[in-house]
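Enquirer: here you go, sequence then predicted model.
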Amino acid sequence: MTPDEVGRRVVALLAPVEATASVSGGQGYARATVDVPPASWADAVRAARDDDELGLDFLDWLSAVDELADGFDVVLHLWSVRRRHGLLLRTRVPRDTPVVASVVDLFPGAAWHERETHEMFGIDFAGHGELRPLLLPPEFEGHPLRKEFVLASRVAKPWPGAKEPGESEAGGGRRPVRPPGVPAPGEWGTTPTPAGAAGAGEGPRGGTPARPARERPPRPAPGERPARPAAAERPARPTAGEASERPASGEAGPGSGAAPATDEAGPLGRPPSGERPTGPPRQEPGPDAAGES
């Protein structure tokens, strides 16, 4: 069955209860999503499990979403092992009295999920009978996944790693944004509040001053850059004729202390410019040398 068909089937099974079907996700991850009233929560789970066409016989997970003033959304994901399709069943409970029926009698595996949701969001599951602490110590106060829960680590020290938009020390003109659960500096706790969520030093108790940005020398404008010397101002390279006029190795140049040896061929035995170098004349052996051999 397609997600649209699954959603329509659940709505038909729950009639005349007002249920709304939709599709969440896309492509291969699309899931039929049905919103039901809290009073019909357990009946919707039973109908999805027992219907032959749906066959949603596997409880995948159960959790909740904090919608602030609108309350809490309790979300249950069911899966059909035989027919290979799923269903997201959802109901919304009010924030002042967050109570919904337990489905442990339909899916015993829901016991762990309902205990965790009760502990993290403060939602009661009527009929569960054993909503004792699961992950947190018994003396822990509050529900950590509620959006108004104060993040104490944000008060005790600066947040490690990347910062929230608007908290960067480099600036950028953006208004500081404080995520849910992060108190403004000076509003909570007994320790001095660090610079961060609401800027450096705000609040009645002040804060740790932000680290000053590194000062960099301003880059010169294009017209202020030093011009390269013109070709006429650059020192010219000596030509071949000028190179031959340099003082010979036998002459004492300026600043030289001794005159090195020279010969007629030129400085350091090099031929003058323009002449082809020649070797010493070849000596032919005399008649006496031939007779002796």
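Expert: Great, that's in hand. Numbers count the residues shown, from 1 in each chain.
Enquirer: poorly predicted segments of the stretch 151-293 of the chain, please.
Expert: By pLDDT under 70, the low-scoring segments of the stretch 151-293 of the chain are 153-180, 184-215, 223-236, 238-293.
Enquirer: for the stretch 1-150 of the chain, which segments are assigned as helices?
Expert: Taking DSSP state H, counting those that start in this stretch as the criterion, the stretch 1-150 of the chain carries its helices at 3-14, 41-50, 110-121.
Enquirer: tabulate those in a markdown table, adding columns for mean neighbour count and distance to Arg146.
Expert: (C-beta placed from N, C-alpha, C; glycine too.) What follows is the helices of the stretch 1-150 of the chain, written out as a markdown table (neighbours: other CB atoms under 10 Å; distance: least, CB to CB, whole Å):
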| stretch | mean neighbour count | distance to Arg146 |
| --- | --- | --- |
| helix 3-14 | 19 | 29 |
| helix 41-50 | 19 | 21 |
| helix 110-121 | 20 | 6 |
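Enquirer: want to try JSON lines for those, with distance to Leu151 as columns?
Expert: Converted to JSON lines, the helices of the stretch 1-150 of the chain look like this (distance: least, CB to CB, whole Å):
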{"stretch": "helix 3-14", "distance to Leu151": "37"}
{"stretch": "helix 41-50", "distance to Leu151": "31"}
{"stretch": "helix 110-121", "distance to Leu151": "14"}
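Enquirer: all strands for the stretch 51-200 of the chain, in order.
Expert: Across the stretch 51-200 of the chain, reading from the start of the chain, the strands by DSSP state E, counting those that start in this stretch fall at 58-66, 72-79, 86-93, 99-101, 124-126.
Enquirer: let me have those in a markdown table, adding mean neighbour count and distance to Pro133 as columns.
Expert: Compiled in a markdown table, the strands of the stretch 51-200 of the chain are given as follows (neighbours: other CB under 10 Å; distance: least, CB to CB, whole Å):
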| stretch | mean neighbour count | distance to Pro133 |
| --- | --- | --- |
| strand 58-66 | 18 | 17 |
| strand 72-79 | 20 | 19 |
| strand 86-93 | 22 | 21 |
| strand 99-101 | 17 | 19 |
| strand 124-126 | 17 | 14 |
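Enquirer: rebuild those as TSV, extending it with mean pLDDT.
Expert: Output for the strands of the stretch 51-200 of the chain, formatted as TSV (pLDDT from 0 to 100):
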stretch	mean pLDDT
strand 58-66	96
strand 72-79	97
strand 86-93	96
strand 99-101	96
strand 124-126	96
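Enquirer: and those strands as TSV, adding distance to Arg9?
Expert: Supplementary listing: these in TSV, determined by distance: least, CB to CB, whole Å:
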stretch	distance to Arg9
strand 58-66	17
strand 72-79	13
strand 86-93	9
strand 99-101	22
strand 124-126	26
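Enquirer: can you check which of these gets nearest to Val150?
Expert: For the strands of the stretch 51-200 of the chain, the distance to Val150 is smallest for strand 58-66, at 14.2 Å, taking CB to CB.
Enquirer: thought Ser40 was touching Ala15?
Expert: No. At 10.9 Å, Ser40 does not count as touching Ala15 under the criterion of CB atoms under 8 Å.
Enquirer: so the two - more neighbours on which side?
Expert: Ser40 (16 against 8; other CB atoms under 10 Å).
Enquirer: report the contact partners of the closest residue to that one other than its chain neighbours.
Expert: Of all residues beyond its chain neighbours, the one nearest Ser40 is Val17 (4.7 Å), with distances taken as CB to CB, 6 or more residues apart in numbering. Counting by CB atoms under 8 Å, 6 or more residues apart in numbering, Val17 touches Val36, Pro37, Ser40, Asp43, Ala44.
Enquirer: the first one contacts Leu14, doesn't it?
Expert: Yes. Here Val36 lies in contact with Leu14, judged by CB under 8 Å, at a distance of 6.6 Å.
Enquirer: common neighbours of the two, please.
Expert: Counting by CB under 8 Å, 6+ apart, the residues touching both Val36 and Leu14 are Ala44.
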